[in-house]
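Novice: when you get a sec, could you give me coordinates for this:
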Amino acid sequence: MNESATDTSRRNLLQGLVAAPALAATAARATPAPVPHRDGSSPASRDPFVALQVGARSFVDEGVDHCLDTLHETGGVNVVMAAVFTYGTGLAGRQSSDEPLPDHGVQAYDTIHGGSYAAVHPEFYAGSVIKDIRAPDLGSFDILADVIPRAKAKGMQTYALFEENYNPKLIPNFGKIAEVDLYGRTGRTTCFNNPDARSFLASMVSDWVTSNDIDGLMWESERQGPLNNMLGAHFGSVQAKRSTIGCFCGHCMSKARDLGIDGPRAKEGFFALDRWVTQTLAGPRVADGTFVSLWRVLLNYPELLAWERFWYSSQEEAYGLIYGTAKAIKPKLQVGWHIMHLVTMSPFYSADTDYARLAHIADFLKPSPYNNCAGPRLAQYIRNVQSTIFRDSTPEQVLDMHYRMMGLSGEPTLAQLPTAGLSGASVGVETRRAVADVEGAIPIYPGIDIDIPTALDEKRTRPEDVQAATASALEAGASGVVLSRKYAEMRLTNIAGAKAALMAHASRSGAGLG
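Specialist: Numbers count the residues shown, from 1 in each chain. Next comes the predicted model:
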């Protein structure tokens, strides 16, 4: 019997899936000894990189010089990560409206429009379908042009920080670059394989790097693949109608076909998986058990895994586009990636996020082992995956299994998690893994969470928490830290906890603090 093209594609796919673990094991056995960073330095040969993420509103409210002096004096900060583009409140604006105001800045809440908080130079957007992105919130204030000279005068570097957080209603032509989900709905973020979306990213990066004397660039792409989203492997709510299951636009379907992936069959598999999730959430335990029935769906539709890998490869191509665009203009510019918090709680996302592979298209990585807000976030994640993937086990058993898989011990029970958070030592566990995975090629700068919002009856940040997390990261081999999420929500007393750890580390190692 003649084998069809589809059968051949599926056979090759299965062969690749079977071979992948063996190849990974071989690579692990052949791991070489650590080498100096790509720039020739070693982690011990230079002062720690101490960055803090800060939005334009803080500079306007407190004054550029005063704000910079506060960052340096309170936290030992030597790198300003200036939030240049976002439509979200995670990086822009003042404190969240349901949170207590911090001990600095204007004592009032605000609302944001969002967009580019730096000047937009039209010549860079001539080939882009997206052009009008200047944030109107703060008048003519330019977070790059107005901050960089003052920062340099104080011996501080400036990195442009931008994220995939869009508001389609405020961006003309956004539909032309948006992803399309399993149900044909236009999404709130972009398709990685859409040429116009790629052109837009390249336009922004070219503008910022050419028009400003920035020292570095960091992109936040806080997204994961459709398979993980479908199964609820995140710390949001598991909805009756799954969202962000994409992208299945014409660009993605065409590219997948060229790569030998059966797009229609992948869609069919996701519809089958959606039915499985719906039945699992609503119905009693099936005779075979939840995990067995899930695995059966994956065996019947191996295209599900192929599409998940296809999605991540496309995201990595976007990283490569940003990296190549920036480096072509300014080769010495430091370009890196924020890796979202989910990497420290989900073995599925951790497997997808290959630090070793990302090291080829980055000058640094910022994993986010946020241990304070991890309390309520991890508890919600565990409840999510227990309700779908691991329904055969109790939530407590699922948490214990995840602790073992993620290399954690002595951490709180599920009942304790929301108010206790994870230990500072947990930050070192993920840091050590990242440092080992990149094999010394690039530095690792873990994110240290300071006052990231949680409910008022959940874990709140204390100075000793920040000190312990920062110390753990440095002891695990980090070349520095990134104080996160944004200055406008941090208390100065908590920022000072990072400086205390940095000074203690400098005293032990003989390094400076800038």
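Novice: I figured V466 was touching G497, is that so?
Specialist: Yes: if you go by C-beta atoms under 8 Å, V466 and G497 touch, sitting 3.3 Å apart. Using the backbone N, CA and C atoms, a C-beta is placed for each residue, glycine as well.
Novice: need the residues touching each of those two.
Specialist: Contact criterion C-beta atoms under 8 Å, 6 or more residues apart in numbering; residues shared by V466 and G497: I450.
Novice: okay, the two: which has more neighbours?
Specialist: Neighbours per residue, other C-beta atoms under 10 Å: of V466 and G497, the larger number sits with V466, 31 against 26.
Novice: so where is this protein shaky, pLDDT-wise?
Specialist: Where the chain drops to pLDDT under 70, the residues are 1-46, 239-242, 511-514.
Novice: by residue count, tell me the biggest helix in it.
Specialist: When secondary structure is assigned using DSSP state H, the longest helix within the chain turns out to be helix 303-329.
Novice: what residues of it count as buried?
Specialist: Within helix 303-329, the residues scored as buried using 16 or more other C-beta atoms under 10 Å are 303-312, 314-316, 318-319, 321-323, 325-327.
Novice: now the element after that helix, going C-ward?
Specialist: Beyond helix 303-329 on the C-terminal side, the first helix or strand identified by DSSP states H and E is strand 334-339.
Novice: quick one: that following strand to helix 303-329, angle?
Specialist: Here strand 334-339 runs at 150 degrees with respect to helix 303-329, directions being taken by axes from the mean of the first three to the mean of the last three C-alpha atoms, to 10 degrees.
Novice: list the helices and strands strand 334-339 packs on?
Specialist: Other elements packing on strand 334-339 under the criterion 3 or more C-beta pairs under 8 Å, 6 or more residues apart in numbering; DSSP states H and E are strand 216-220, helix 303-329, strand 364-367.
Novice: residues in contact with it: which ones?
Specialist: Residues contacting strand 334-339 (C-beta under 8 Å, 6+ apart): 159, 163, 215-222, 319, 322-323, 326-327, 353, 355, 358, 362-368, 442, 445, 447.
Novice: how about 6 Å then?
Specialist: Applying C-beta atoms under 6 Å, 6 or more residues apart in numbering, the contact partners of strand 334-339 are 216-220, 323, 326, 353, 362-367.
Novice: tell me which element L474 is part of?
Specialist: Remark: L474 resides in helix 463-475, with elements defined by DSSP H and E.
Novice: what pairs with the helix or strand following that helix, parallel or antiparallel?
Specialist: Counting by DSSP H and E, the next helix or strand C-terminal to helix 463-475 is strand 480-484. As defined by DSSP bridges, the strand partners of strand 480-484 come to strand 49-54 (parallel), strand 447-449 (parallel).
Novice: got those strands as CSV, with mean neighbour count columns?
Specialist: Output for the strands paired with strand 480-484, formatted as CSV (neighbours: other C-beta atoms under 10 Å):
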stretch, mean neighbour count
strand 49-54, 26
strand 447-449, 29
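Novice: out of those strands, which gets nearest to R134?
Specialist: Nearest to R134 among the strands paired with strand 480-484 is strand 49-54; the distance by C-beta to C-beta comes to 19.4 Å.
Novice: quick one, the closest one and helix 463-475 angle?
Specialist: Computed by the same axes, to 10 degrees, the angle separating strand 49-54 from helix 463-475 equals 140 degrees.
Novice: surely A256 is within a helix?
Specialist: Yes: inclusion of A256 in a helix is indicated when DSSP: H, G, I helix; E, B strand; the rest coil is applied.
Novice: how near is it to S199?
Specialist: Relative to S199, A256 is positioned 21 Å away (criterion: C-beta to C-beta, to the nearest Å).
Novice: okay, these two: which has more neighbours?
Specialist: Neighbour totals were compared for A256 and S199, and A256 leads with 22 against 16 (other C-beta under 10 Å).
Novice: number of residues surrounding the nearest residue to that one once chain neighbours are set aside?
Specialist: Closest residue to A256 apart from its sequence neighbours, by C-beta to C-beta, 6 or more residues apart in numbering: G263 at 4.6 Å. Burial measure for G263: 20 neighbouring residues, criterion other C-beta under 10 Å.
Novice: sorry, back to before: possible to save the helices and strands packed on strand 334-339 as TSV with distance to V482?
Specialist: Compiled in TSV, the helices and strands packed on strand 334-339 are given as follows (distance: least, C-beta to C-beta, whole Å):
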stretch	distance to V482
strand 216-220	8
helix 303-329	18
strand 364-367	5
